[in-house]
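Undergrad: here you go, sequence then predicted model.
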Amino acid sequence: MKKLLSLIVLSTLIVSCGGDTENTMTVTGNVKGLKKGTLYLQKIQDTLLMGIDSLQIAGDGNFTFKTEVESPEIFYLYLAKEDNNDINDRIRFFGEPGVITINTAWNTFDANATISGSKTHKKFEEYKKTMSRYNTRNLEVVQAAYDPELQKDSLVMDSLERLSIRNTRLGYAFALNFALNNTDSEIAPYIALYEVSDANPKYLDSIYNALTPEVSNSKYGLALGDYLKEISASDK
C-alpha cells in the first residue's frame, strides 16, 4: 500500500510540473496597442505553411505559445488583425528549445519586432543585416534602370547591368562565407538551402561537409544532404 501511495504521489508531482521537456520552445511577448485580433504560430511543413497554435487577443497584447522543437528551424508569428491591411503581419524567426521573447507593436508588426532568447536567430539577424545592404543596392540599380532618360544611354545601361551582376556575386560570396564560418549553427544549412541553393554545388557541398555532427543531423542539415543527393543524381 505504501509503495502504491508513493507511486501516486510521484505521478502527481510529474503532472503538476507541466509537460515541458528539453525540446520545449516557449514563445512569449507582447503586441503593443493590439486590442483585437488573432495570433498564429506557424511553420513550414512539407512545403506548406501550417498553423501550430492560435490565440485570440481581446484588449491585452500579451501572448504565450508552446511547442516541441527537435532542432532550430524557422517559425512565423502571424497576426490576423482587423484593419483590412495584409502588410506587416508576419514575423519570421529562428525557433529553438527554450524561452523566446518577441515584443512588437500592432501597426509595425514585423518591421520593429525585437526578438531575444534564440542564439540561432541572433546569427540570422547578423546575416540579414549585411545581406540587406546588397539587396538595397540591387533595388537602387533596378530603379535607376527604369529611368526613361537613362534608358536612352546604352553605355549607362551596360554599366548598370555590370553593377547588378557584381553586386549579386558579392551577395552570394558573403552568404557562402557566412555559412562556412558558422557550420556549428543551423543557420549554415538554412542559408545553403534557402538563400543560395542555385550556387555552384561544390560550394554547397563544402558547407555540408564542414557541418558539425549535431548540425548535419538537424532538420536543415538533413535536408541539405538530401538536396545535394538530388543534384548529384540529376547530373548523371
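TA: Received the coordinates, thanks.

Undergrad: in the chain, which spans are strands?
TA: 24-32, 36-45, 48-58, 62-68, 73-81, 90-95, 98-105, 114-116 (DSSP state E).

Undergrad: let's have these in JSON lines, adding mean pLDDT.
TA: Output for those, formatted as JSON lines (pLDDT from 0 to 100):
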{"stretch": "strand 24-32", "mean pLDDT": "97"}
{"stretch": "strand 36-45", "mean pLDDT": "93"}
{"stretch": "strand 48-58", "mean pLDDT": "93"}
{"stretch": "strand 62-68", "mean pLDDT": "96"}
{"stretch": "strand 73-81", "mean pLDDT": "92"}
{"stretch": "strand 90-95", "mean pLDDT": "96"}
{"stretch": "strand 98-105", "mean pLDDT": "97"}
{"stretch": "strand 114-116", "mean pLDDT": "97"}
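
Undergrad: do you know which of those strands lies nearest residue 180?
TA: When those are compared by CB to CB, strand 90-95 sits nearest residue 180, at 18.6 Å. The way it works is simple: take the backbone N, C-alpha and C, and place the C-beta from them, glycine included.

Undergrad: please export the C-alpha coordinates of the closest one as CSV.
TA: C-alpha atoms of strand 90-95 as CSV (Å, rounded to 0.1, in the frame of the first residue of the first chain):
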residue,chain,number,x,y,z
ARG,A,90,4.1,38.1,-40.2
ILE,A,91,7.4,37.9,-38.2
ARG,A,92,9.9,35.3,-39.3
PHE,A,93,12.3,34.0,-36.6
PHE,A,94,14.5,31.1,-35.8
GLY,A,95,12.9,29.0,-33.1
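
Undergrad: give me the sheet partners of that strand and which way each runs.
TA: Partners of strand 90-95 in the sheet, by DSSP bridges, are strand 73-81 (antiparallel).

Undergrad: how about low-confidence regions in the chain?
TA: In the predicted model of the chain, residues 1-18, 82-88, 236 satisfy pLDDT under 70.

Undergrad: tell me how far the residue nearest in space to the middle of the chain lies from residue 156.
TA: With distances taken as CA atoms, centre = their mean, the residue of the chain nearest its centroid is residue 74 (3.7 Å). Between residue 74 and residue 156 the computed distance is 40 Å (CB to CB, to the nearest Å).

Undergrad: what about residue 216, how many residues close to it?
TA: The local packing of residue 216 (other CB atoms under 10 Å) involves 18 other residues.

Undergrad: show me the contacts for it.
TA: Contacts of residue 216 were listed using CB atoms under 8 Å, 6 or more residues apart in numbering, and they are 189, 208, 222, 225.

Undergrad: can you tell me the closest non-neighbouring residue to the last one?
TA: Setting aside the residues directly before and after it, residue 225 is nearest to residue 208 in space (CB to CB, 6 or more residues apart in numbering), at 6.2 Å.

Undergrad: kindly report the same for the third one.
TA: Take residue 222 and drop its neighbours on the chain: the residue closest to it by CB to CB, 6+ apart is residue 216, 7.5 Å away.

Undergrad: tell me the spacing between that neighbour and residue 163.
TA: Applying CB to CB, the value for residue 216 to residue 163 is 37 Å.

Undergrad: so residue 160 sits right up against residue 144, yeah?
TA: Yes. Using CB atoms under 8 Å, residue 160 is in contact with residue 144, at 5.8 Å.

Undergrad: ok, now which ones touch residue 23?
TA: Each residue near residue 23 by CB under 8 Å, 6+ apart is listed here: 68-70, 97.

Undergrad: all good on my end, thank you.
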